[in-house]
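Visitor: I would like the atomic coordinates for the input below:
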Amino acid sequence: MSTSLADVVAVACADAWRGDGEIFASGMGVMPMLGARLARATFEPDLMVSDGEAFFVAGDLPIGGTDKLVEGWIPFRQVFDTLWGGRRHVMMGASQIDRFGNTNIANIGPWKQPKAQLLGVRGGPGNTVNNATSFFIPKHQSSVFVEQVDMVSGVGYDRAEKLGGFIARRHDLRRVVTNLAVLDFNSPGHRMRIVSVHPGVTVADVQSNTGFELVVEGDVPESRPPTADEAAAIERIDPRGLRHRELPA
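Guide: Residues are numbered from 1 along each chain as shown. Next up, the predicted model:
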């Protein structure tokens, strides 16, 4: 039986938290939440995950499930205390992202007269200058991966370096996971680099759907499928298959 794209992406999201230990793993949306809970269920048992409301939860709480075993209390105001202390790794979305990881979730087009009004900057600035941040982008295309974002909601490596001091020391963009590939910024100048391509995808496919030149180092591997334990955990955590609504099988 072939592995679905959604399962490969779920594993790629989970791997973003590999090695984090006892911190708050915060996933914004179905796939990031699945990734955080999958990491905790398999290779990062010390991670703390929330129900998306106000509690840290134990066990493999299904996405959308209500029968929860509460480990601790994490109301919204306390999230900010954890964020400012840096003991958090969030995976969020981006409507635009550039080669240095500057992201936009606020508006498309000029600020004074945008073509589309989006969420606003929300938690983008605080996340990107205080705690580790990764991104899940379900549709990798050149209108999202752009030369320059229309509005900086989240701080990229070029801006963090110019700001210097505390911000440059704390700034940590880990991974970008899409329907085509896994990317990071572990390259000279912290420019976006291809880490792996998903099954059936080529490096050329990824580059042709990106509005700037990506860093490619040697032979790019294929993104890994889930292990047997991970596949079982995915089914426990997402029994309704909500992941397939974001990424068709």
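
Visitor: what packs against the helix or strand of the chain with the lowest mean pLDDT?
Guide: Every helix and strand in the chain was compared by mean pLDDT, DSSP states H and E; the lowest is helix 76-85, with a mean of 81. Other helices and strands packing on helix 76-85, by 3 or more CB pairs under 8 Å, 6 or more residues apart in numbering; DSSP states H and E, are strand 24-27, strand 88-92, helix 124-130. Backbone N, C-alpha and C define where each C-beta goes, glycine included.

Visitor: Tell me which of those is the most buried.
Guide: strand 24-27 (a mean of 26; mean count of other CB atoms under 10 Å).

Visitor: So which residues make contact with that strand?
Guide: Identification of contacts with strand 24-27 by CB atoms under 8 Å, 6 or more residues apart in numbering yields 13, 17, 33-37, 39-40, 44, 47-50, 56, 74, 79, 82, 87-91.

Visitor: Tell me how far it lies from the chain's centre.
Guide: Centroid separation for strand 24-27 versus its chain: 10 Å, with CA atoms, centre = their mean, to the nearest Å.

Visitor: can you list the helices and strands packed on helix 76-85 in CSV and add mean pLDDT?
Guide: Listed next are these as CSV, based on pLDDT from 0 to 100:
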stretch, mean pLDDT
strand 24-27, 94
strand 88-92, 95
helix 124-130, 87
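
Visitor: Ok, which of those comes nearest residue 168?
Guide: The minimum distance between residue 168 and the helices and strands packed on helix 76-85 falls on helix 124-130, with 9.2 Å, by CB to CB.

Visitor: packing partners for the helix or strand following the closest one?
Guide: Remark: after helix 124-130, the chain's next helix or strand is strand 132-137, criterion DSSP states H and E. Packing partners of strand 132-137 (3+ CB pairs under 8 Å, 6+ apart): helix 5-15, helix 30-41, strand 88-92, strand 173-178.

Visitor: Can you give the contact residues for whatever helix or strand comes next after strand 132-137?
Guide: Following strand 132-137 in sequence order, the next helix or strand is helix 157-163 (DSSP H and E). Outside of helix 157-163, the residues within contact range by CB under 8 Å, 6+ apart are 100-102, 128-129, 152, 155, 167-168, 171, 173, 185, 189-190.

Visitor: redo that, cut-off 7 Å
Guide: Here helix 157-163 makes contact (CB atoms under 7 Å, 6 or more residues apart in numbering) with 100-102, 152, 167-168, 171, 173, 185, 190.
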